[in-house]
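Enquirer: model the following, please.
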Amino acid sequence: MLPITASDTGLYMGLVAERAAAEHAGTLITLDHELALLPGVGPELTFAEFADHIDDIAARLWAAGVRATEHVAIYKSSGFDINIVSSAVSRIGAVPVQLSPGLDGASVLALLDRLGRPYLVTDLAKLDGPLADPSLPGLAKEVLLVAGSREGTVSLAGLAGSPRQEAVVLGLDEPALITHTSGTTGLPKLLVHTPRTLHGRYRPQAKLFDIVRKHETVALHVSYVHSRMPLALAVLLPRGVPFLVVDDADPEKVAELFGRTRPAFIESAPNSFMEWEELADDPRKPFANVKYFSSTFDAIHPGTMHRLLHASERHHPVFYQIYGQSETGPLVGRGFTRQTALGADGRCQGYAFPDDTKFRLVGRDGKAPSKEHPGYIEVQAAGRVLTYFGEAERYGKQVDADGWWRGMDVGYRTEEGCLHLLDREVDVVPTIHSTLEVEDTVLGRLAELAELVLLRGPDDEPLPVVCTRNETPLDLDRWRTAVADFPPMADPVQMPLSELPRTATMKVQRIELTRRLHEQLKRRG
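Expert: Reported below is the predicted structural model:
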């Protein structure tokens, strides 16, 4: 079997908007938030304006001293201007390092240290909050503020009007972007993308967006610092597709926004879709015009897909579930309809993308991989990152000589070729076949649950954490009935949905949540 290989084509983030504007200058981008970097811009801007803003910020960065191949860490409050800065950094041949606004200060400082004194683009909120540490000046070559001023920093606003610069195009295999892993198991790893690997991620995503009609609006609510966002821009801009960038996922605000803009395609993370389930019966009908839903980053519960598909008034709407890893990009996917979503096995993530990805299962207990004995999921993907910055040896341990990458998820392959994801190895609970499978089932049985996370307790017992809608007290009798056919569990711990620790892509940080609960139980005990 031949290995998956990347093409000889590269994706250059700094050039995408300029090239798209040449053909689709007047197409609109709609925002639900203000841009600190560009006061007064929005809530709508054309593709031509977007491209000009990128060119303008690139000129300011150049005037601040940033040059090709240098690292520029971006750690600021949430907003689409993160992607404007990233594209501008790329335009002058430097390497944007996208750090989640949700990262704690200690992690950011550790990553800046690993990068070796990069430029840092930030804002006053971060300087006065997570970055209020005396070690910061020694960890950054220069601190660049997106707005305002502060002694010892450079104001990008003060560099407005700087001479525009010619774009710098680096080689196909040179670093072009650095993102990071979710940090669910400790300090995030820094992922090095190249123009070639970015294009490898682009290909399967472009195929999905080929189904969207040019005149219909796409709504995006995805992490600004995940590779998914620049790839979404690379797909939408050249096609001239108008799109909407959602920053605030509050259901009430989303109902108003979608009711007004009527998107035909919505992409978001599973947890956001779960929060939006309550809008299925909203009189504003925010999902009435949606033909396609797309869920990335994590598995989604069948009941969520079912409710949202039935909230659409389009003929034969489809809910696409895409499974991937930070290191590889999208790997497998499948579509669900009104007829198939509710009865679907939520663990079936889908099928490989021909010519772009493939997967295999490797036994981890001396037995052939199966549902009863899940194996390691190993993949080949044209979008696999070049390395972990500063941790090449660690990266090398996860890839073999033939290019198979082991990401530590476990699962099995059905006779039909569908990849079933059961758990991450570190999340396995000894008496539970699949924590994700149990969560799917119980969420389907108890409509009052907004979230369920099954963890390993202090004595290896299954420890359920539940979040109810509107934080109503959990009915323990209903709970016990719902879980009666599963192995014995500890009594559920109820907590507000907002208190769950999450990654940049809204995944629950299970290891961190486990640590917190174990500490609480130890103090009580």
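
Enquirer: for the nearest residue to residue 195 once chain neighbours are set aside, what are its contacts?
Expert: Setting aside the residues directly before and after it, residue 195 is nearest to residue 10 in space (C-beta to C-beta, 6 or more residues apart in numbering), at 2.9 Å. (Each C-beta comes from the backbone N, C-alpha and C, glycine too.) Contact analysis of residue 10 by C-beta atoms under 8 Å, 6 or more residues apart in numbering lists 172, 176, 194-196, 198-199.

Enquirer: among those, which one lies nearest to residue 487?
Expert: residue 198 (43.9 Å; C-beta to C-beta).

Enquirer: and residue 289, how far is that from residue 313?
Expert: From residue 289 across to residue 313, the span is 7 Å (C-beta to C-beta, to the nearest Å).

Enquirer: and the two? which has more neighbours close in?
Expert: residue 289 (19 against 11; other C-beta atoms under 10 Å).

Enquirer: okay, the closest residue to that one other than its chain neighbours: pLDDT?
Expert: Leaving aside its sequence neighbours, residue 289 sits nearest to residue 262 (C-beta to C-beta, 6+ apart; 4.2 Å). At residue 262, the predicted lDDT confidence score is 96.

Enquirer: which ones are touching residue 262?
Expert: 217, 288-289 are the contacts of residue 262 under C-beta under 8 Å, 6+ apart.

Enquirer: ditto for residue 12
Expert: Counting by C-beta under 8 Å, 6+ apart, residue 12 has contacts 90, 169, 176, 195.

Enquirer: go on, residue 225?
Expert: Residues near residue 225 by C-beta under 8 Å, 6+ apart: 74, 82, 98-101, 179-180, 504.

Enquirer: what about 10 Å?
Expert: Counting by C-beta atoms under 10 Å, 6 or more residues apart in numbering, residue 225 makes contact with 74-75, 78, 82-83, 86, 96-103, 179-180, 504-505.

Enquirer: let me know the distance separating the closest residue in space to it that isn't next to it in sequence from residue 177.
Expert: Among residues not flanking residue 225 along the chain, residue 98 sits closest, at 3.8 Å (C-beta to C-beta, 6+ apart). According to C-beta to C-beta, residue 98 stands 7 Å off from residue 177.

Enquirer: from the contacts of residue 262, which land in helices?
Expert: Nothing among the contacts of residue 262 maps onto helices, per DSSP state H.

Enquirer: of the contacts of residue 10, which is the nearest to residue 161?
Expert: residue 176 (27.7 Å).

Enquirer: I'd assumed residue 191 was in contact with the closest one.
Expert: No - counting by C-beta atoms under 10 Å, residue 176 stays clear of residue 191, with 11.6 Å between them.

Enquirer: which of these two has more neighbours?
Expert: Remark: of residue 176 and residue 191, residue 176 carries more neighbours, 28 against 23, as counted by other C-beta under 10 Å.

Enquirer: for that one, what are its contacts?
Expert: So residue 176 contacts 10-14, 89-90, 93-96, 170, 192-198, 230, 386 (C-beta under 10 Å, 6+ apart).

Enquirer: mind doing that once more with 8 Å?
Expert: So residue 176 contacts 10, 12-13, 90, 95, 170, 193-195, 198 (C-beta under 8 Å, 6+ apart).

Enquirer: quick check: the farthest pair among the residues you listed?
Expert: 10 and 95 (14.2 Å).

Enquirer: hang on, the earlier thing: residue 98 and residue 177: which is more packed in?
Expert: Legend: neighbour count by other C-beta under 10 Å for residue 98 and residue 177, higher for residue 98 (26 against 23).

Enquirer: isn't that one right up against residue 87?
Expert: No - Residue 98 sits out of contact with residue 87 when judged by C-beta atoms under 8 Å, with a separation of 11.1 Å.

Enquirer: so residue 276 touches residue 311, yeah?
Expert: No - with contact defined as C-beta under 8 Å, residue 276 does not reach residue 311; the gap is 9.1 Å.

Enquirer: next, the buried residues of stretch 25-34.
Expert: 27-32, 34 (16 or more other C-beta atoms under 10 Å).

Enquirer: what mean pLDDT does that stretch get?
Expert: Here the average pLDDT along stretch 25-34 is 96.

Enquirer: also stretch 307-320?
Expert: 96.

Enquirer: residues in contact with that stretch?
Expert: 208, 264, 273, 276-277, 279-281, 285-295, 305, 333-338, 341.

Enquirer: so how do I select the buried members of those residues in PyMOL?
Expert: Burial among those is assessed by 16+ other C-beta under 10 Å; the matching PyMOL selection reads:
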select buried, resi 208+264+273+276+277+279+280+285+286+287+289+290+291+292+293+294+295+305+333+334+335+336+341
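
Enquirer: from the contacts of stretch 307-320, which ones fall inside helices?
Expert: Per DSSP H, the contacts of stretch 307-320 map to helices at 208, 273, 276, 305.

Enquirer: now for the lengthiest helix in the chain, which elements pack on it?
Expert: In the chain, with assignment by DSSP H, the single longest helix is helix 47-63. Judged by 3 or more C-beta pairs under 8 Å, 6 or more residues apart in numbering; DSSP states H and E, the packing partners of helix 47-63 are helix 13-24, strand 28-31, helix 81-91.
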